[in-house]
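**Q** How does the following fold in three dimensions:
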Amino acid sequence: MFSRLRGPLGALLVVCTLVAGCGAETSGKGAEPGGAGRPDASGSGAGSEASRGSGLTAAQLARIPRFPAPPAPKAITVPAGPSAGWYSAVPTNQPVAFITIDDGWTKVPEAVELFRAAHVPVTLFLEINAIKADPGYFTALQQTGAVIEAHTISHPDLKGKSYDVQKHEICGSADELGKLYGRRPVLFRPPFGDKDATTLKVVHDCGMKAAFFWKETTDKGIVRYQEGQTVKAGDIVLMHFRPAFIDDFLAVLQAISKAGLTPALLEDYIA
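**A** As a prediction, the model looks like this:
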């Protein structure tokens, strides 16, 4: 439960983004323009910077909503096998939504301060190639309560690939993240949100419980909806570690607040 993550570690955070024109889940790739698996010029933060932070402005802090505590989670039962579960939203009537953040290329120094100030749960789906130059940056985020899950080694489109290729990417990323952060992931997100039956079998065989798509995405401070114009109970919201990380995160918080929901920890809802 999220309550177990409070205390000396502080709070959790959130979020994950995608970009315009993501399309519905049935449309295949959840378009990640700009290459979610590619670094940009701002993508080289240091772990020491993450611990120190460069400071959020008063205006940014004022944009952080205050949420009621999330309800005691009612976990869903995922398939026992031979394939992992697949969800774009958690089937729940509880007034919660889930913030997820992918990749790890851009390492904004203010993220630790932002996570602590927002004091909400967040799940990070990390790509090995995106984090390997500075894994300590994500240790600092983990110490605020963020939970780290798997997102492959090199961010390929898995759909149509052989079992062995997918196993290398999926099991390999979980194994490496377990070594780096002291907990082997139990959840997985495929790059681009693209998968096939082999993907879900491999996720299960790699010892993970479920894989995830999304209902909302965020990029450059704008939340985009797959259905309607509001976040709904159980929705999974996607962000990325991009240059506009602060604005993206704040936009997600405000969208969840406007919907009358509270951020909850995705892991608490997967039995």
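
**Q** Cross-check the contact I'm expecting between Thr262 and Val96.
**A** Yes: in this structure, Thr262 is within contact of Val96 by Cβ atoms under 8 Å, at 5.5 Å. Bear in mind the C-beta positions are built from the backbone N, C-alpha and C, glycine included.

**Q** In the protein, which residue is most central in space?
**A** Thr100 (2.3 Å; Cα atoms, centre = their mean).

**Q** any idea which element that one lies in?
**A** For Thr100, the host element (DSSP states H and E) is strand 96-103.

**Q** Kindly spell out which helices and strands sit in contact with that strand.
**A** Applying 3 or more Cβ pairs under 8 Å, 6 or more residues apart in numbering; DSSP states H and E, one finds that strand 96-103 makes contact with strand 123-126, strand 236-240, helix 245-258, strand 262-263.

**Q** relative to helix 245-258, how tilted is it?
**A** Angle, strand 96-103 to helix 245-258, by axes from the mean of the first three to the mean of the last three Cα atoms, to 10 degrees: 160 degrees.

**Q** From the chain's centroid, how far away is strand 96-103?
**A** 4 Å (Cα atoms, centre = their mean, to the nearest Å).

**Q** and the helices and strands packed on strand 96-103 as a markdown table, adding mean pLDDT and mean neighbour count?
**A** Formatted as a markdown table, the helices and strands packed on strand 96-103 follow (pLDDT from 0 to 100; neighbours: other Cβ atoms under 10 Å):
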| stretch | mean pLDDT | mean neighbour count |
| --- | --- | --- |
| strand 123-126 | 98 | 28 |
| strand 236-240 | 98 | 28 |
| helix 245-258 | 98 | 22 |
| strand 262-263 | 98 | 24 |
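
**Q** Output those in a markdown table; the columns should cover distance to Gly178.
**A** Listed next are the helices and strands packed on strand 96-103 as a markdown table, based on distance: least, Cβ to Cβ, whole Å:
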| stretch | distance to Gly178 |
| --- | --- |
| strand 123-126 | 12 |
| strand 236-240 | 23 |
| helix 245-258 | 25 |
| strand 262-263 | 25 |
